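Chemist: here is a sequence together with a model predicted from it:
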Amino acid sequence: MKSARQDVVWATAVRTLDAQHRTTTWLRLACIAALWALLPLGDPGERSRVALQLLPVTAGALLSHVHARPELLQYLAHVPLAGCLLGHLTGTRGHAKFDLPGVLEGGGILVASTVYGGKWAVTGYSVDELSLALLAVTVFTWSVFLNVVLDAGYYAPHGSIKFGTERSAGPASPLLNWLRHAIPPGVAMLVALMFVPPWTPTLQAVPLALRVILVLSILSLRLAWLGFEQVLAACVETVCDAEHAARVKEAGELHSTGKNAVGNVLNALDSPHYKYSEVRSLLRNTLVQMEEAIRRARSGSQLSLTDFQPLGTLWEAAVAVLPTAWRARCTLDAEAHELLLGPTDRQLVQRLISDLVTNAVRAGASSVRCSVRSTHAGRALQIEVCVRDNGPGMPPGVLGDPMTSLAVMAHELSLQRNPHVLAPR
């Protein structure tokens, strides 16, 4: 399967097969348990031989069960002489290569199948018991080779890539790709050779229709393979659509945080009433908005600029644009971190925090503490922003000096629809 987003195909296959392995190992262990339960019911003289033939596939099933669970693999690190085995098992994830559990399971089930069918089949089982054994062998075989044909390594892109936490080391070899296509018909032929001819009277008594159905079920591996690749293709389309939607969303936010903010700066620069402090304040506010947008994009947050958002994210962005030496001086009250603000209140609070905190540390304050709380006055919501510091404080008459950023901000607050007051304490 080739795709324009082969990295998505491969990573999806890796994570899907992880979950499938954890599920199907239980199924194969149940099949092995059924075969061991039938052991005492056969010819007493053949029990030792049957047990020996079941040992490889049993070991493979147990090892595969451990392999599918990282929490169990860590215990191998404490087992003497198991270091090489642990390295082998952890190095096969997402790579199409021969691994010990797969070899033991695949080869072991073929060896175990000769107990119930073929020229060397044992006797002593009833028709129902043998039918159950044939079913268990077929289900185990189908499950093992399903993992083989769907191995994520077949979908690995050329070259080494990193996708999230996954790392690829290149695609499977041509030989393995050929073997992958040969598995469904090849295994079906082997099962047919074992189960269809009447090797023993008991096998002949098992309904031919059941034996044929068991053989044909192996061919359904190709259908499962086809269905799996259709799901992978759908995942690629979904990821592409999600990426497009994310880009559109980020473009909208970039328009709001970039174009609008920079436009305000240009308007202030072109104004006949140009004030340096106003431009500096607008630029600082633009930096905070851009920092917040970057953090929101990196975190994968689904919140948009029009949603209510916690104040803590705004504070982190406002502090991040300060010089490193200043950041440690600034703290926000713990209860204010989870305060949710709408877009309008958030913009005003952002401007206040950015200006007041920056002015405080620039004036020499070694400790700046900010608190934000909301109160209700009737049906109206009031937001109070309080910045306390141990600096020299606001100079007398600062709000009356139009050349200061605080006076500009106080003037802008007075122009809002609802009353906003900047009051030094």
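Modeler: Thanks, I have it. Residues are numbered from 1 along each chain as shown.
Chemist: packing partners for the one helix or strand Arg247 maps to?
Modeler: Assessed by DSSP states H and E, Arg247 sits inside helix 208-254. Packing partners of helix 208-254 (3 or more C-beta pairs under 8 Å, 6 or more residues apart in numbering; DSSP states H and E): helix 6-38, helix 127-149, helix 174-195, helix 276-299. For glycine as for every other residue, the C-beta is placed from the backbone atoms N, C-alpha and C.
Chemist: now do the shortest one against helix 208-254, angle only.
Modeler: Comparing the axes of helix 174-195 and helix 208-254 via axes from the mean of the first three to the mean of the last three C-alpha atoms, to 10 degrees yields an angle of 150 degrees.
Chemist: show me how the record splits this structure into domains.
Modeler: According to automatic domain parsing, the chain comprises the domains 6-241, 304-425.
Chemist: most tightly packed of the helices and strands packed on helix 208-254?
Modeler: Looking across the helices and strands packed on helix 208-254 with neighbours counted as mean count of other C-beta atoms under 10 Å, the highest average goes to helix 127-149: a mean of 21.
Chemist: who does the helix or strand just after it touch, helix- and strand-wise?
Modeler: Sequence order places strand 160-163 as the next helix or strand after helix 127-149, per DSSP H and E. Secondary-structure packing of strand 160-163 (3+ C-beta pairs under 8 Å, 6+ apart): helix 6-38, strand 166-169.
Chemist: wait, which of the ones you listed is closest to Leu348?
Modeler: Leu348 lies closest to helix 6-38 among the helices and strands packed on strand 160-163, at 41.7 Å (C-beta to C-beta).
Chemist: summarise which helices and strands the following helix or strand past that closest one is packed against.
Modeler: Next along the chain after helix 6-38, taking DSSP H and E as the criterion, comes helix 47-67. When contacts are defined as 3+ C-beta pairs under 8 Å, 6+ apart, helix 47-67 packs onto helix 6-38, helix 70-76, helix 100-113.
Chemist: and the first one, average pLDDT?
Modeler: Spelled out, that is helix 6-38. The average pLDDT within helix 6-38 is 89.
Chemist: helices or strands up against that helix?
Modeler: helix 47-67, helix 127-149, strand 160-163, strand 166-169, helix 208-254.
Chemist: sorry, back to before: and the helix holding Arg247, how far out from the chain's middle?
Modeler: Mean C-alpha position of helix 208-254 versus that of the full chain (C-alpha atoms, centre = their mean, to the nearest Å) differs by 17 Å.
Chemist: now do stretch 148-166
Modeler: On C-alpha atoms, centre = their mean, the centre of stretch 148-166 falls 15 Å from the chain's centre.
Chemist: okay, buried residues for it please.
Modeler: Residues of stretch 148-166 classed as buried: 148-157, 161, 163, 166 (neighbour count, 16 or more other C-beta atoms under 10 Å).
Chemist: just put the residues you listed in CSV and tack on distance to Arg211 and pLDDT.
Modeler: Converted to CSV, the buried residues of stretch 148-166 look like this (distance: C-beta to C-beta, whole Å; pLDDT from 0 to 100):
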residue, distance to Arg211, pLDDT
Val148, 23, 88
Val149, 23, 90
Leu150, 26, 89
Asp151, 29, 85
Ala152, 33, 81
Gly153, 34, 81
Tyr154, 31, 83
Tyr155, 35, 82
Ala156, 38, 80
Pro157, 42, 79
Ile161, 46, 72
Phe163, 44, 67
Glu166, 42, 68
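Chemist: between the residues you listed, which is closest to Phe308?
Modeler: Distance to Phe308, by C-beta to C-beta, is smallest for Phe163 among the buried residues of stretch 148-166, at 33.2 Å.
Chemist: still on that earlier bit, out of the helices and strands packed on helix 47-67, which gets nearest to Ala59?
Modeler: Nearest to Ala59, of these and by C-beta to C-beta, is helix 100-113 at 5.5 Å.
Chemist: for that closest one, packing partners?
Modeler: helix 47-67, helix 83-90, helix 127-149, helix 174-195.
Chemist: now tabulate those in TSV and tack on distance to Thr114.
Modeler: Output for those, formatted as TSV (distance: least, C-beta to C-beta, whole Å):
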stretch	distance to Thr114
helix 47-67	7
helix 83-90	28
helix 127-149	10
helix 174-195	7
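Chemist: re the thing from before, could the domains of the chain go into a markdown table alongside distance to Val262?
Modeler: Converted to a markdown table, the domains of the chain look like this (distance: least, C-beta to C-beta, whole Å):
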| stretch | distance to Val262 |
| --- | --- |
| domain 6-241 | 31 |
| domain 304-425 | 16 |
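Chemist: hey, least reliable of these by pLDDT?
Modeler: Among the domains of the chain, domain 304-425 scores lowest, at a mean of 77.
Chemist: run a quick neighbour tally on Leu203.
Modeler: Neighbourhood size, Leu203 [other C-beta atoms under 10 Å]: 23.
Chemist: contact partners for it?
Modeler: 116-117, 121, 130, 195 (C-beta atoms under 8 Å, 6 or more residues apart in numbering).
Chemist: re the thing from before, and which of the buried residues of stretch 148-166 is nearest Gly391?
Modeler: Phe163 (49.1 Å).
Chemist: distance of Arg346 from Cys235?
Modeler: 36 Å (C-beta to C-beta, to the nearest Å).
Chemist: so which of the two has more stuff around it?
Modeler: Counted by other C-beta under 10 Å, Arg346 and Cys235 do not tie: Arg346 has more neighbours, with 21 against 18.
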